[in-house]
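Student: Sharing a model prediction with you, sequence too.
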Amino acid sequence: MSAGDQDGTTLLCVPFAGAGPSFFHPWRELSAGRWRVTSVELPGRERRILETPYRNVVEAARNSVDEVVADLGEGARTVLFGHSLGAVLAYELVHLLSARGVNVERLVVSGSPGPWTQRERRAAGLPDEEFLARVEEFAGFRHEALDHPEMRELILPALQADCEMHESYVPSTDDPVSVPILSLRGDRDGLVTGEEARQWQQATTAGFSYTEFPGDHMYLVDSGREVLDVIEAHATRGTGPQPSYAR
């Protein structure tokens, strides 16, 4: 699909635990004009570092939706992308945006089991060092900022709050969304199985598709361009099965 075909479509990205909008800034260039790439800005990070982070996904979505609607603008066509915590937050936002009459064309969830499945192994509530070790184990990498005491002091509260709200998440409704869902996963993800990633099929009354990429839970750190290409391919070809990136 050319840039002209995608005119007016916004790719709204929802950060994963501990991340902020800046993670997705490189996607603006990678999208090469296919979308306007924007992000949900949650308290407790980056420009909102001094604000108290949320500890409940449903509350975070409800308190963010006005700002999201204002950012999208009138009549915007929107694709939502969320990874891990961002996936369930994006799912809640789709319900809210659809109720507002926003044209959500697709929900892209990444590294996440279906919304009704809670993670068995948890990090929330552990002492700081154990918590960080568990998060590092979950993610498959350690953020270098956590090795600097001053930065860790800034980052840790939001990361702990994010893990708490993710691990205690219960959907606000049992009703599925009415937009197509594309579920993505790293083929070596030790946190989310392929079967769990396919559970999202039960969360929509529209089309469903599933694609794997080479990598672990945080495969998207190095796969931004490939992720965007797959989102574009699904937007172009509809919701039928697509070639997997797994190899």
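Tutor: Structure's in. What do you need?
Student: Nearest residue to Arg119 in space, ignoring adjacent ones along the chain?
Tutor: Spatial nearest neighbour of Arg119, chain neighbours left out: Glu167 (5.6 Å); criterion: C-beta to C-beta, 6 or more residues apart in numbering. No exception for glycine: its C-beta is placed from N, CA and C like everyone else's.
Student: what does Arg134 give?
Tutor: Among residues not flanking Arg134 along the chain, Ala123 sits closest, at 4.0 Å (C-beta to C-beta, 6+ apart).
Student: OK, contacts around that neighbour?
Tutor: Ala123 makes contacts with Phe131, Arg134, Val135, Phe138, Cys163, Glu167, as judged by C-beta atoms under 8 Å, 6 or more residues apart in numbering.
Student: again with Glu164
Tutor: Per C-beta under 8 Å, 6+ apart, neighbours of Glu164: Arg55, Ala124, Gly125.
Student: how does it look with 10 Å?
Tutor: Applying C-beta atoms under 10 Å, 6 or more residues apart in numbering, we find Glu164 in contact with Ala17, Pro53, Tyr54, Arg55, Asn56, Arg122, Ala123, Ala124, Gly125.
Student: Same question for Val57.
Tutor: Applying C-beta under 10 Å, 6+ apart, we find Val57 in contact with 85, 88-89, 91-93, 115, 162, 165-166, 168-172.
Student: Could you count how many residues lie near Gln199?
Tutor: 18 (other C-beta atoms under 10 Å).
Student: Distance check, the closest residue in space to it that isn't next to it in sequence against Leu42.
Tutor: Of all residues not flanking Gln199 in the chain, Gly114 sits nearest, at 2.7 Å (C-beta to C-beta, 6+ apart). In this structure, Gly114 and Leu42 are 23 Å apart, going by C-beta to C-beta, to the nearest Å.
Student: The two - which one has more neighbours?
Tutor: Applying other C-beta under 10 Å to Gly114 and Leu42 shows that Leu42 carries more neighbours, namely 25 against 22.
Student: Mind listing the residues bridging to the spatially most central residue of the chain?
Tutor: The C-alpha lying nearest the average C-alpha coordinate of the chain belongs to Gly82 (C-alpha atoms, centre = their mean; 1.4 Å). On the basis of DSSP bridges, Gly82 is bridged to Val14, Val109.
Student: Please name the residues that touch Val135.
Tutor: Counting by C-beta under 10 Å, 6+ apart, Val135 has contacts 17-18, 123-124, 126, 142-143, 146, 156, 159-160, 162-163.
Student: Which among those count as buried?
Tutor: The neighbour count (16 or more other C-beta atoms under 10 Å) marks Ala17, Gly18, Ala123, Ala124, His143, Leu146, Leu156, Leu159, Gln160, Asp162, Cys163 as buried among the contacts of Val135.
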